[in-house]
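Participant: sequence unknown, structure follows:
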């Protein structure tokens, strides 16, 4: 009868629904189990991959910054150098300390010094190291960088700095010991470089080089090296000889770039208007902001090549020009150091 048929249909529907629910439950449980297995496997693979990449990933651990500093510096400097008796230009620890005094006057709060003093085939190389002179200074992080070839030591040293120290400064600058930031049309009061940096909107500023050299005007080794060379090339270099001052917080760094050769991106970045130059790009993948090639009339690097640079008799090469503008600046640096004690 009709009632019996209805009950049979209801039972069939109920059984079918139960089967569907059981199947869905089994699928759900299977998915949950699969998710757990994949999640566990994924974490294992991720941890393994992280261990592989760890040497190339910059530490963002605050304890890796500056344990002796109450707060992060506003401007830090990274320097790779080597002092040795056979140096043709006779750079000594005195030149290092003069450079550091100048950079402190300019506003540098902390130095990362990479000392390329130890050479594998030189038993006396340890005598060249300056750790005993600078290692205990509160504004210095000292690293003995034991790489035999100085040129090949540069890029690994900068890479090591970023992945080991991950700088906490508002700005940082990479320089050599014979390079001095200089602002031709500024009073260059104490902290001139820091004040310049903190007013910039650019994530990175590239500074052009002006070479100083020729015959030294004095043989007095007690005098500052920068005062003994008062002749320079008339124009800043246009062959990519730049050095960077950048905001570490804007770096998305993967550990593969060459940090010494700054290449300027032409990808929505700020341009200088110089069309003839082969523009380079920054190896930093900047998260935001702009790269800027600064005009040398605003800020440049006085690079003291000393006797490596001479007046040329070649008609195609302009002669060196006289420039003693560092004289007054060094006088003020000395006075400033005296007042600072």
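Facilitator: Cool, got the structure. Nothing here was measured: the structure is a model prediction, and the numbers come from that model.
Participant: how about the strands in the stretch 51-200 of the chain?
Facilitator: 75-81, 110-115, 140-144, 171-175, 179-182 (DSSP state E, counting those that start in this stretch).
Participant: now these as CSV including distance to residue 190, mean neighbour count and mean pLDDT?
Facilitator: (Glycine included, C-beta is placed from N, CA and C.) Shown next, in CSV, are those (distance: least, CB to CB, whole Å; neighbours: other CB atoms under 10 Å; pLDDT from 0 to 100):
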stretch, distance to residue 190, mean neighbour count, mean pLDDT
strand 75-81, 12, 23, 95
strand 110-115, 17, 23, 96
strand 140-144, 20, 18, 95
strand 171-175, 17, 24, 92
strand 179-182, 13, 22, 96
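Participant: For residue 234, which of these is the nearest?
Facilitator: strand 179-182 (15.1 Å; CB to CB).
Participant: Check which helices and strands the longest strand along the chain sits against.
Facilitator: In the chain, with assignment by DSSP state E, the single longest strand is strand 204-213. Contact here means 3 or more CB pairs under 8 Å, 6 or more residues apart in numbering; DSSP states H and E; on that basis strand 204-213 packs against strand 179-182, strand 231-232, strand 242-246, strand 291-293, strand 300-306.
Participant: Can you get me a residue count around the nearest residue to residue 220 once chain neighbours are set aside?
Facilitator: Spatially, and ignoring its direct neighbours in sequence, residue 220 is nearest to residue 228 (7.4 Å; CB to CB, 6 or more residues apart in numbering). Number of residues near residue 228 (other CB atoms under 10 Å) recorded here: 17.
Participant: I'd guessed residue 228 sits against residue 218; true?
Facilitator: Yes - Residue 228 is in contact with residue 218 according to CB atoms under 8 Å; the separation is 4.8 Å.
Participant: re earlier: please name the strands paired to the longest strand of the chain in the sheet, noting orientation.
Facilitator: strand 231-232 (antiparallel), strand 242-246 (antiparallel), strand 291-293 (parallel), strand 300-306 (parallel) (DSSP bridges).
Participant: Give me the angle between the last one and strand 171-175.
Facilitator: Strand 300-306 runs at 20 degrees relative to strand 171-175, counting by axes from the mean of the first three to the mean of the last three CA atoms, to 10 degrees.
Participant: which other residues reach strand 300-306?
Facilitator: 89, 175-176, 178-184, 207-213, 216, 225-226, 229, 232, 236, 241, 243, 294, 326 (CB atoms under 8 Å, 6 or more residues apart in numbering).
Participant: doesn't residue 109 make contact with residue 77?
Facilitator: No - look at residue 77 against residue 109 with CB under 8 Å: they stay out of range, at 9.0 Å.
Participant: before we move on, could you check phi and psi at the closest residue to residue 91 other than its chain neighbours?
Facilitator: Distance criterion CB to CB, 6+ apart; nearest residue to residue 91, sequence neighbours excluded, is residue 83 at 5.9 Å. Backbone torsions of residue 83, given as degrees, to the nearest 10, read phi -110, psi 120.
Participant: quick revisit: hey, least reliable of the strands paired with strand 204-213 by pLDDT?
Facilitator: Per-stretch mean pLDDT for the strands paired with strand 204-213 is lowest at strand 291-293 (a mean of 76).
Participant: shouldn't residue 208 be in contact with residue 237?
Facilitator: Yes - using CB under 8 Å, residue 208 is in contact with residue 237, at 6.2 Å.
Participant: neighbour count winner among these two?
Facilitator: residue 208 (21 against 16).
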